[in-house]
Every structure is written in structure tokens, then in C-alpha cells.
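[1] 3D, please:
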Amino acid sequence: MDPSGGCPHAANARLLAGGAVVPVVLPGEVAGAAVLGHAALREFLAHPDVAKGAGYFTALQEGRIGEGWPLRTFATVRSMTTADGADHRRLRSLVSRAFTGRRVEALRPRIEELASGLLDEVTAVADGAGTVDLRRHYALPLPMGVICELLGVGPEHRERLHHLSEQVVSTGIGPEEVVAANGEMIAALAAVVAARRERPGSDLTSALIAAREEDGDRLSEQELIGTLLLMVVAGHETTMNLVVNAVRALCAHRDQLALVQEGRVTWAAVVEETLRWDSPVSFFPFRYPTRDLSVGGTVIPRGTPVLAGYSAAGRDPEAHGADAGRFDVTRDARHLSLGHGPHFCLGAPLARLEATIALERLFTRFPGLEQAVPEGELPRHGGFVGNGVQELPVRLGPGRGAPPR
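    A predicted model of the protein is given here:
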């Protein structure tokens, strides 16, 4: 795996031509595997003999994974993403009520308010040619603002938490940077916890603290910090990539944008097709077979760290047809980009709502918006976990999107 990342789709197509499951070499010469085919990935994600707990990671248990390994946090953070069975159900239940469909829908007015305010800022900061970095000024602060309000994280922490989140999910930084980033992230989240302990509110962090203090058996301090880390990183990085990837896709496929603007297709359909065609997560670590396991005709040895290849599965011709590589908002966009099985993304309803509102508000305000830099010149995300770009310069178009009276 190339630790510097880059656009995954050409490499995915080559790998898929050879099979649904492939052996890979992870950073540090660690042997792993990636499940790329849609059917194989669906089977693997829900298989009863596949675990998430680091106790099943053979190389880790044998002491072959150092503290500075760039993917170590994915394996060892104490949260629902590395828990199985009863532990997973316990941790998931502590936060699941904040992400029910009804509670997420109740956030709609606030998300719309945040989106409108950010679009005012987009207009204000655009240069004389109407060019602005949409990722920095819109796609990032919208989901970051929403998840931080849910968690009770003050504005003073947000920029730092985003910077640290990018480092935590990066596969292209050195061991010393890995250790430093993880240490700083834990310290920053500990400061958030301390503030909420002193001044509890109606936010999710205060509720988790109360659960911890009322019954320590339900949530350890490590699990509290690990759960917040998961919420912060997953709560904004993936939605940010989803919005950016959708804007890029629509700017490159004006005929598809026209279908939505004419009311023939919904913005929700755009979100689903983007999730399939350009998944915001490319390869997500880790799952481990608890025995030698045959998946897609390939045996994955017990204890192997396995990547879920969401970006590859989204363009698998066996699942999506010969035109799987075509962006088509009218298709039935079946995908696995939000997971499958017991670890299906808890924040899926929120991510879908945020992205739908973000795109609808953006293209209503700036119907002539276009990408200002050729696709090949956009700097890519620094790693093979996330799938996105580091900036997205756009031209706002005629009228600069003055808000309706």
C-alpha cells in the first residue's frame, strides 16, 4: 500500500481484475489483505468469524508493531470500532440514542442555519475572480461544527482537533509524528472532558461522563476518550470528503448536475451515488479472521489485518455493471461505503443529512459554481485510508450567490 495515498481508482481496477481479495503489504512491511469486491466485502463485514478486537491481530500480539506505526491507533483505540460482541453492544448503546433518525432529523434546522452562515462566509472570502477554497470554508467547518456542538466541544478546540484528526488517519507520516499526534489528540480530548466535568451540559460528552461516573463498569476512562476520538474523526472527516467528492463529481458531470437542478433527481440520490462512485473512505483498517477464512475464493490466514476496500467495491463491475466507473445519479446506487453488519456506521443518518443539505444549499446559492483547478492538479489526501483532496478551489459563478430576499 502506498502510504502517501493518491487517487485509488486506477489501482483498484487493476487489483479487482485479479480477484476480490488481494494480499497487501502495509507500512512497516506488515503483511495484510484487502477485500475489494462488493460481494466478498459484504460477506466479510458480517462474517461471524471476523473480529475487530486487537487481541486477534497476530503481529501486534507478537510485538512486531511499534508505538510509531501509522495505523496503530486504528487497531488499539478503545472504542466500539475495536470491540466485539457484548463489549461492542455496550459501547454502541451509550451513543446510539444521539444518532437515531428522529434525533438526527431534529438537527435539520441547525444544520441549515450553519450551512447558510458558511455560504455567506464563502461569498465574503472569495477573491476578485470569485474563487475560494470550498473545502476549507464550507465542506470542513459544516460537519466539524455539527459534531462539535453534539459533543459540547468549544470553538477554541476545533481547528486543533481537525489538524490532529488528519494526522491520526494519515499513513504517510513518520513514527515520531505518529506518537506526537496521538499524544496531543488524547490531551486535547482530556481537556474537553475536564471542561464538561466542570460545566456539564446537554451534550453527548456530558452524557458519557455521567455514564462513566455513575457506573464505571459501563465505560472506562480509556473508552471515554476513545469514543470521543472516534466521534470527532469519523464525525467530520468522512462527511467532509463526501461533500468535496460530490462537488467534484457534479462539476465534472454537468449533465448529472442539470438533472438535479431540474428536479428530476433528488440531492439524496447524488449523495448515494457519490458514496458508491467515490467513497469518502478508501481502505478502512482493520478486521481479523479468527480462523483461516476463505473469502471470495482466497484464504485469509487467521490474525491477518484486513482492509475494507470501500472505494474498490463501489466500482466493482460484477456488482454495478459494465458502467460501474460512470457517475450516474439515476442508478440504484447500492454500496457498502457506510459499512455493513454489526459495525454499520452509527452516524450514517447524520452524514447523509449533512451532505444532502450542504449540496442543495450550495448549488441553489451558486448554480454556476465550477471547479477552478483541473482534477489532476488537486493535492490528494495524505494516506490510503481517507479518499479526498486537501483543497478544492472553485469559482462561484455569476452573481456570486447573493442570498434570496
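[2] ok, which stretches of the stretch 1-150 of the chain are strands?
    In the stretch 1-150 of the chain, strands defined by DSSP state E, counting those that start in this stretch lie at 21-26, 30-35, 50-51, 131-133, listed in chain order.
[3] and if you look at the stretch 301-405 of the chain?
    Listed in chain order, the strands of the stretch 301-405 of the chain (DSSP E, counting those that start in this stretch) span residues 306-309, 370-371, 393-395.
[4] which parts of the stretch 101-250 of the chain are helices?
    With helices called from DSSP state H, counting those that start in this stretch, the stretch 101-250 of the chain shows them at 101-105, 108-125, 134, 141-151, 155-169, 175-198, 204-214, 221-252.
[5] rewinding a little: check the strands of the stretch 301-405 of the chain for me and report the most buried one.
    When these are scored by mean count of other C-beta atoms under 10 Å, the highest mean neighbour count falls to strand 306-309 (a mean of 26). (Glycine included, C-beta is placed from N, CA and C.)
[6] so for it, mean pLDDT?
    Over the span of strand 306-309, the pLDDT mean works out to 98.
[7] before we move on, what about stretch 340-350?
    Over the span of stretch 340-350, the pLDDT mean works out to 95.
[8] that stretch: end-to-end distance?
    Between the opening and closing residues of stretch 340-350 there is a gap of 17 Å (C-alpha to C-alpha, to the nearest Å).
[9] distance to Glu159 for the strands of the stretch 301-405 of the chain - can I get that in CSV?
    CSV is the format used below for the strands of the stretch 301-405 of the chain (distance: least, C-beta to C-beta, whole Å):
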stretch, distance to Glu159
strand 306-309, 30
strand 370-371, 25
strand 393-395, 20
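[10] quick revisit: include mean neighbour count when you put the strands of the stretch 1-150 of the chain into JSON lines, please.
    Formatted as JSON lines, the entries for the strands of the stretch 1-150 of the chain read as follows, by neighbours: other C-beta atoms under 10 Å:
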{"stretch": "strand 21-26", "mean neighbour count": "18"}
{"stretch": "strand 30-35", "mean neighbour count": "22"}
{"stretch": "strand 50-51", "mean neighbour count": "22"}
{"stretch": "strand 131-133", "mean neighbour count": "19"}
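[11] so can I have TSV of these showing mean pLDDT and distance to Arg199?
    Putting those into TSV (pLDDT from 0 to 100; distance: least, C-beta to C-beta, whole Å) gives the following:
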stretch	mean pLDDT	distance to Arg199
strand 21-26	96	42
strand 30-35	97	43
strand 50-51	98	39
strand 131-133	98	35
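[12] so, low pLDDT: which residues of the stretch 51-200 of the chain?
    In the predicted model of the stretch 51-200 of the chain, no residue satisfies pLDDT under 70.
[13] is it true that Arg380 touches Cys7?
    Yes: applying C-beta atoms under 8 Å as the test, Arg380 and Cys7 come out as touching, 6.3 Å apart.
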